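>>> here is a sequence together with a model predicted from it:
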Amino acid sequence: GENVEQHPSTLSVQEGDSAVIKCTYSDSASNYFPWYKQELGKRPQLIIDIRSNVGEKKDQRIAVTLNKTAKHFSLHITETQPEDSAVYFCAASLVWSNDMRFGAGTRLTVKP
Amino acid sequence: NAGVTQTPKFRILKIGQSMTLQCTQDMNHNYMYWYRQDPGMGLKLIYYSVGAGITDKGEVPNGYNVSRSTTEDFPLRLELAAPSQTSVYFCASIAQGADQPQHFGDGTRLSIL
């Protein structure tokens, strides 16, 4: 089955700096790559997603890039703010199996 | 719409006890999922369903059972609770297709002592 690896496991940045989180996936059949933000004790919430027919997608301070050849995708957060502090999860879905696999998560801390 | 509703929010079980975690959604979604999240870890898929009467195993199904008699409900059953099943359990749903964002419930925090 699909295997998703996520790096780094923890990331600390100063407010205003950029943060980058990277994920790799194993199955070239995967075609949907969402990113979720989870605050302490809360449910995961979708922040951005990308499909395999697109190389990059932006939504204000958040962007995701996808390299299908290398089978990796990244989350970019610019002008970070303290409220961006949370755990971020990447995921990849295998359309044929109706399955979605998650990375282990990155704990992002934005220092004021 | 209430979205995805999970009950209970917290529960403590003794080893060997059984219980059912409830999940219901009012969005008429066909696809429903159960995940477990261990402390500091990502989400592991336990079971999923693509419609009423259809269920399938995910990555970590051992020790659990599910049923899907209606579109709205997707309960998760633990028959013989073990300490290794201490975790936070999330239910999620999507309208159709694994290439859509999932809507998560608030989770059930389960401790087995």
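That came in fine, so what should we check first? Residues are numbered from 1 along each chain as shown, chains lettered A, B, ... in the order given.
>>> what does stretch A:18-25 contact?
A:2-8, A:11, A:13, A:33, A:70-80, A:84, A:88, A:90, A:92, A:101, A:103, A:106, A:108, A:110 (C-beta atoms under 8 Å, 6 or more residues apart in numbering or on different chains). Quick note: C-beta positions are derived from backbone N, CA and C, even for glycine.
>>> hmm, 6 Å instead?
A:4-7, A:11, A:13, A:71-78, A:80, A:88, A:90, A:92, A:103, A:106, A:108 (C-beta atoms under 6 Å, 6 or more residues apart in numbering or on different chains).
>>> retrieve the pLDDT associated with residue 4.
Reading this off chain A. pLDDT, A:V4: 93.
>>> correction: the question concerned chain B.
pLDDT, B:V4: 96.
>>> got it, and B:E59?
87.
>>> before we move on, the earlier item: near chain B, from the contacts of stretch A:18-25?
Checking those against chain B by C-beta under 6 Å from any C-beta of the partner chain, the ones in range are A:G103.
>>> what is the burial count for A:H76?
Neighbourhood size, A:H76 [other C-beta atoms under 10 Å in any protein chain shown]: 17.
>>> how about the contacts made by it?
A:H76 neighbours (C-beta under 6 Å, 6+ apart): A:V20, A:A63.
>>> doesn't it belong to a strand?
Yes: assessed by DSSP: H, G, I helix; E, B strand; the rest coil, A:H76 belongs to a strand.
>>> residue of chain A closest to chain B, please.
For chain A and chain B, the shortest gap (C-beta to the nearest C-beta) falls at A:Y32, measuring 3.7 Å.
>>> show me where the chain has helices.
By default, I'm working from chain A. Ranges of helices in chain A, per DSSP state H: none exist.
>>> other chain: chain B
Applying DSSP H to chain B gives no helices.
>>> number of residues surrounding the closest residue in space to A:K68 that isn't next to it in sequence?
Nearest non-adjacent residue to A:K68, counting by C-beta to C-beta, 6 or more residues apart in numbering or on different chains: A:S52, 5.9 Å away. For A:S52, the count of nearby residues is 17 (other C-beta under 10 Å).
>>> I figured A:S52 hits A:N31, correct?
Yes: here A:S52 reaches A:N31: they are 3.9 Å apart, a contact under C-beta atoms under 6 Å.
>>> filter the contacts of stretch A:18-25 down to the buried ones, ChimeraX style.
Selecting only the buried entries of those in ChimeraX, with 16 or more other C-beta atoms under 10 Å in any protein chain shown as the criterion:
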select /A:4,6,11,13,72,73,74,75,76,77,80,88,90,92,103,106,108
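>>> from the contacts of stretch A:18-25, which land in strands?
Among the contacts of stretch A:18-25, DSSP state E puts A:4-7, A:11, A:13, A:72-77, A:88, A:90, A:92, A:106, A:108 in strands.
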